[in-house]
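Asks: Could you look at this predicted model? Sequence included:
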Amino acid sequence: MDLTRAAWRKSSRSNQNGGACVEVADNLPGVVAVRDSKDPAGPALAFTPAAWRAFITTHAPTR
């Protein structure tokens, strides 16, 4: 998968102390990519937009 055009942004749910940082790229057609911000050259997970919505809806913390 080519992620060279991915516009990565830090997840709002990431830890602000430098650990547990997740970056998400949702600007690519048909895919949402997720990676560890501490290892940007490392592997990335890829989800369909529908699967990503289901994941964040299911795993969103309650307030």
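Replies: Okay, I see it.
Asks: From now on I want contacts and neighbour counts done on CA atoms only, so please keep to that.
Replies: Will do.
Asks: what are the ranges of the helices in the chain?
Replies: Using DSSP state H, the helices of the chain run over 49-58.
Asks: so where's it shaky on pLDDT?
Replies: The model of the chain has pLDDT under 70 over residues 13-20, 61-63.
Asks: go again using 90 as the cut-off
Replies: 1-2, 10-22, 37-38, 55-63 (pLDDT under 90).
Asks: Please, where are all the strands along the chain?
Replies: 9-10, 22-28, 31-36, 44-47 (DSSP state E).
Asks: Tell me which strands the third one pairs with, and in which orientation.
Replies: Strand pairing for strand 31-36, determined by DSSP bridges: strand 22-28 (antiparallel), strand 44-47 (antiparallel).
Asks: same deal with the first one?
Replies: Strand 9-10 has the following strand partners under DSSP bridges: strand 22-28 (antiparallel).
Asks: what's the angle between the partner strand and helix 49-58?
Replies: 140 degrees (axes from the mean of the first three to the mean of the last three C-alpha atoms, to 10 degrees).
Asks: Please renumber the chain so that the first residue is 869 from this point on.
Replies: Let's use 869 as the start, then, which means that last one is strand 890-896.
Asks: buried ones in strand 890-896?
Replies: 890-894 (16 or more other C-alpha atoms under 10 Å).
Asks: Do I have it right that D894 meets A875?
Replies: Yes: with contacts counted by C-alpha atoms under 8 Å, D894 reaches A875, the gap being 7.4 Å.
Asks: if we look at the sheet, which residues does A893 bridge to?
Replies: Beta-bridge pairing for A893 (DSSP bridges): A901.
Asks: distance of it from T916?
Replies: According to C-alpha to C-alpha, to the nearest Å, A893 and T916 sit 12 Å apart.
Asks: any shared contact partners between these two?
Replies: V900 (C-alpha atoms under 8 Å, 6 or more residues apart in numbering).
Asks: and stretch 910-919, how far apart are its ends?
Replies: OK, stretch 910-919 end separation, C-alpha to C-alpha: 22 Å.
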